[in-house]
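Colleague: give me a 3D structure for the following:
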Amino acid sequence: MAGYTRLVVAAAAGCLVGSFLTAQAVQGQASRTPTAADGKIGHLGFAVTDVEKTAKAFGAAFGIAVPKAMDFRDIPWGPHHPGKLMHTRRIGMDFGGITWEFLQPLDGESPWKDFIKAHGDGIHHVGISVPDPAKARDYLETKGGRQTQAFQTFANYVDMNPAGLPFTIENTPQQMPAQVAPAK
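Modeller: Residues are numbered from 1 along each chain as shown. So this is what the prediction gives:
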């Protein structure tokens, strides 16, 4: 019986210490000041050399049907690259509550082509849905990020490498406007 009593006392002490530590962690999180970049992760964007091959492997690994690739052409890079246009082939697949976006650069220059050249296939950006993408961009720039794209009036990419973070953030609105149909 002594062993059982020790076990109960140890479990009760563990619960007490655990609840104290949990309360401290929650208190620390509650004191955080919200920022314009606060939002929810909506998608992960991968730059890949073969979108169909990558999507097929992803679908096979997770039991997901692979949708048809869509080509997007003549997408403006944004204010830091006046007049530059990019072209991409995209497949998006939903899994685990987010969209996995596979982007294959097509002819010409593109941020995805630059990424693949420097790093190989891999995660290019984290898409975060925010209340105001322009305010989120401005906030991230004050933290050392650099806007690299504004391909739509409602979304933008901010490269966070200059701020010491090894990824780009795509700010998108919480409520997406009607999408423009892809070019074929």
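Colleague: so who does His125 touch?
Modeller: Contact analysis of His125 by Cβ atoms under 8 Å, 6 or more residues apart in numbering lists Leu44, Gly45, Tyr157, Phe167, Thr168, Ile169, Glu170. Heads up, the C-betas are built off the backbone N, CA and C, glycines and all.
Colleague: contact partners for the third one?
Modeller: The neighbours of Tyr157, taking Cβ under 8 Å, 6+ apart as the test, are Gly78, Pro111, His125, Gln147, Thr148, Gln149, Ala150, Phe151, Thr168, Ile169, Glu170, Asn171.
Colleague: how about it: what's its closest non-neighbour residue?
Modeller: Closest residue to Tyr157 apart from its sequence neighbours, by Cβ to Cβ, 6 or more residues apart in numbering: Gln149 at 4.0 Å.
Colleague: name the residues that touch the helix or strand hosting that neighbour?
Modeller: Using DSSP states H and E, Gln149 sits within strand 146-152. Strand 146-152 has contacts (Cβ under 8 Å, 6+ apart) with 75-81, 86, 111, 137, 141, 156-159, 162, 168.
Colleague: paired strands for it, with orientation please.
Modeller: strand 155-159 (antiparallel) (DSSP bridges).
Colleague: about what we covered before: show me the contacts of strand 146-152 that map onto helices.
Modeller: Pro111, Arg137, Glu141 (DSSP state H).
Colleague: looking at those, which is nearest Phe102?
Modeller: Closest approach between the ones in helices among the contacts of strand 146-152 and Phe102, by Cβ to Cβ: Pro111, at 14.6 Å.
Colleague: surely that closest one is in contact with His87?
Modeller: No - applying Cβ atoms under 8 Å as the test, Pro111 and His87 come out as separate, 11.7 Å apart.
Colleague: out of the two, which sits in the busier spot?
Modeller: Per other Cβ atoms under 10 Å, whichever of Pro111 and His87 has more neighbours is Pro111, with 23 against 19.
Colleague: quick one: contacts for that one?
Modeller: Taking Cβ under 8 Å, 6+ apart, we find Pro111 in contact with Ala47, Trp77, Met86, His124, Thr148, Gln149, Tyr157, Thr168.
Colleague: lowest average confidence, helix or strand, in this structure?
Modeller: In the chain, no helix or strand scores lower on mean pLDDT, DSSP states H and E than helix 2-30, which sits at a mean of 46.
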